[in-house]
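1. I would like to see how this sequence folds:
(2 chains)
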Amino acid sequence: MSWPHRHELETTTLLSRSQGDESARTLAGWVGTGGYERLRQAASMEPEAVTEIVKDSGLRGRGGAGFPTGLKWSFMPKDDGKPHYLCCNADESEPGAFKDREILRWTPHLLVEGCLIAAKAIRAEHVYIYVRGEFFPYTKILNAAVTEAYEGGYIGNDIMGTGWSCELTVHTGAGAYIAGEETGLMNSLMGNRAEPWMKPPFPAQAGAFGMPTTVNNVETIATVPGILEHGADWYRQWGTEKSPGTKLWCCSGHLAKPGNYELELGISLKDIIFDVCGGTPDGKKVKAVIPGGSSTAFLTGDELDCATCYEGMAEAGSSLGTASPIVMDEDTDIVVAMRRIAQFYAHESCGQCVQCREGTEWVVKILQRIEAGDGKLSDLDTLYELCEQMTGRTICVLADSVVFPLRSSMDKFRGEYEAKMRPSAVAVGG
Amino acid sequence: MTRRIHPSVVGAQPFQVATREGIESPMFEGGEGLERLEMALSRYPTKQAALLPLLHFVQEKKGWVSPPDMEEVATALDLTPAYVHSIVTFYTMYNKHPVGTYLVQVCTCIACHLNKGEEVLHRFLDEAGTREGETSEDGVFTVIEAECLGACGFATAVQINDEYFEDVSPEKVADIVGELRRRSV
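-> Predicted structure coming up:
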């Protein structure tokens, strides 16, 4: 059972209402619940008007960075005579995150509807939904929905008889985390290796196929139809001033009730872990939590009383990321866990930038050495130095993504690292 | 046999050791291959964008992508074989060698690691009677370690061909392997 568990802290279900309901996957089922009416509404609106509503709602990108969606859309040029593209990023592969696949598999028409509304706002003539290659079962569901929507006149020429036309294509990747980075995604779409490119040019200037492009996450796009239907103020009744709305949470690790939950932004992380997810399965203490997916900084078990919104998590010294807390109980070996996280990034580095290609491998090797009991204290200095060299010096943020958990794990769990050092190394200070 | 698909989903067909019904060369000069090529070309502004969809197609038919296949794809899209090779080797899901009837990918990334992912992997290797990255002698199983499969709340996640298996504990592995072995005969 993997659609959202229900919980009393759940004040509303904007995104997950139809999850678990198989009829919502079909066109008839979706239209029966009022689906595609928001698309009809958007098709007759001016693009700026659609963008304005989303801007007013304060919706922020759900892919991890939290950039304001309406503002991103407003960067798209006007009257430039070029084709515009929308890329929907369904390359979900951040360790800890498993929310987009629920949208793909339960409410594919919500995603299609959201994509077309966003396409209207940015004047796109073609939408590409880039789904990670491994998601075969969910891609099949999405494919069936897109085919049905095409046949029903909801995509393609003269959408719903409104005179507006837009194409939509589903495109699967072939196994590359870095294709989830927006420029990597566009490179992959174009038939290249999924290597990120240096910005500028920004996607809104020259993106996919050299044309103005917007890349939005699945969850962001799936939120748009509701905002359009009910308005910006309605959306702002949930969440905080700077982080309005709800979020699909992905809770994993040592939890009694792991899974997806739709929760209002801003509630306490402690409540999510203990109240919503029931704490650890056997009542053990929580040693650490990585709150936003594996690329965010560790919080200790004593730092969980923080607000789960973009600003609240930043204040706590970490970030909301994809809202994917990975919980580790008191028996967890932090050094081993960190090594496993670093291995992921070493495997997924695209190899363009030396700091990332070599740095991630160095981190893994040093951590393996410490894990094997053969480390020395100066290894920690080397790791800190690597953190310095891997931050802000590369094309994309993959290298930074390993630094956030690494540096915070050393700052907060230094004792665990030191306990693994060669005894002589500790005695002579490295 | 040609399956009818809508052009909008041409680039999104399951390709991880799906049917493996085989296809004669030249693949893209007629029949289903040409149809797939033309359909893909109709969905993108450039020819090169059809590259991943065509490689998916080759793997769907054959279970892996061989150097001669890369050459055929290169010819069909006016690319060099070397470039196509660089793409095939960049993406982990293209099999560069033939694999067993079942390609078992066990996630051992952080959330699965915390829930005995490595133990699940080793059970699969033992039950299948193979080593990591290799195929069992009977040709039924290839077992590999995978990076995050995006099912972290349902650890350990295992992908077998195009299916997901979730909440796989080490104890469940023998049954899964037994079931697949029965299916394969």
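2. use CA for all of it now, contacts and neighbours both
-> OK.
3. Could you check how far A:Leu86 is from A:Arg393?
-> From A:Leu86 across to A:Arg393, the span is 29 Å (C-alpha to C-alpha, to the nearest Å).
4. More neighbours: which of these two?
-> Neighbour totals were compared for A:Leu86 and A:Arg393, and A:Leu86 leads with 27 against 15 (other C-alpha atoms under 10 Å in any protein chain shown).
5. That one: which element?
-> In the assignment (DSSP states H and E), A:Leu86 maps to strand A:85-90.
6. Could you point out the helix or strand that follows that strand?
-> Per DSSP H and E, the first helix or strand lying C-terminal to strand A:85-90 is helix A:100-106.
7. and the helix or strand just after that following helix, anywhere near chain B?
-> Along the chain past helix A:100-106, the next helix or strand (assigned with DSSP H and E) turns out to be helix A:108-121. No. Interface with chain B: helix A:108-121 contributes nothing (C-alpha under 8 Å from any C-alpha of the partner chain), its closest point being 12.3 Å away.
8. Spell out the residue ranges of the strands in chain B.
-> Along chain B, counting by DSSP state E, strands occupy B:102-107, B:141-146, B:158-160, B:163-165.
9. Point out the most buried one among those.
-> Of those, the one with the most neighbours on average (mean count of other C-alpha atoms under 10 Å in any protein chain shown) is strand B:102-107, at a mean of 24.
10. Give the rounded mean pLDDT of it.
-> Here strand B:102-107 scores 97 as its mean pLDDT.
11. Now tell me what touches it from outside.
-> Applying C-alpha atoms under 8 Å, 6 or more residues apart in numbering or on different chains, the contact partners of strand B:102-107 are B:17, B:113, B:117, B:120-121, B:140-149, B:156-161, B:180.
12. The same query, at a cut-off of 6 Å, please.
-> Strand B:102-107 has contacts (C-alpha atoms under 6 Å, 6 or more residues apart in numbering or on different chains) with B:121, B:140-148, B:157-161.
13. so how far is the helix ranked longest in chain A off the chain centroid?
-> Scanning chain A for the longest helix, with DSSP state H as the assignment, gives helix A:354-371. Counting by C-alpha atoms, centre = their mean, to the nearest Å, helix A:354-371 is centred 25 Å from the centre of its parent chain.
14. circling back: now do the strand holding A:Leu86, average pLDDT.
-> The average pLDDT within strand A:85-90 is 98.
15. and it, does that touch chain B?
-> No. Using C-alpha under 6 Å from any C-alpha of the partner chain, strand A:85-90 stays clear of chain B, coming no nearer than 11.0 Å.
16. Test my guess that A:Leu185 contacts A:Ala179.
-> Yes. Using C-alpha atoms under 6 Å, A:Leu185 is in contact with A:Ala179, at 4.2 Å.
17. For chain A, what lies in contact range of chain B?
-> Neighbours of chain B within chain A, by C-alpha under 6 Å from any C-alpha: A:93, A:95-96, A:98, A:136, A:143, A:169-172, A:174-176, A:190-191, A:193, A:251-253, A:258-259, A:341.
18. Filter those down to the ones in strands?
-> A:Thr169, A:Val170, A:His171, A:Thr172, A:Cys251, A:Ser252, A:Gly253, A:Gly259.
19. quick one: the first one and A:Val289, what's the gap?
-> Read it as A:Thr169. 38 Å.
20. Please, where are all the helices along chain B?
-> With DSSP H as the criterion, chain B has helices spanning B:31-41, B:51-62, B:67-76, B:81-90, B:110-114, B:117-128, B:173-184.
21. Check those for me and report the most buried one.
-> Comparing the helices of chain B by mean count of other C-alpha under 10 Å gives helix B:110-114 as most buried, with a mean of 28.
22. need the contact list for A:Ile178.
-> Going by C-alpha under 6 Å, 6+ apart, A:Ile178 touches no other residue.
23. tell me the helices in the stretch 101-250 of chain A, going along the chain?
-> With DSSP state H, counting those that start in this stretch as the criterion, the stretch 101-250 of chain A has helices at A:108-121, A:136-151, A:182-189, A:218-230, A:232-236.
24. same for the first one, what does it pack against?
-> Read that as helix A:108-121. Other helices and strands packing on helix A:108-121, by 3 or more C-alpha pairs under 6 Å, 6 or more residues apart in numbering or on different chains; DSSP states H and E, are helix A:47-57, helix A:218-230.
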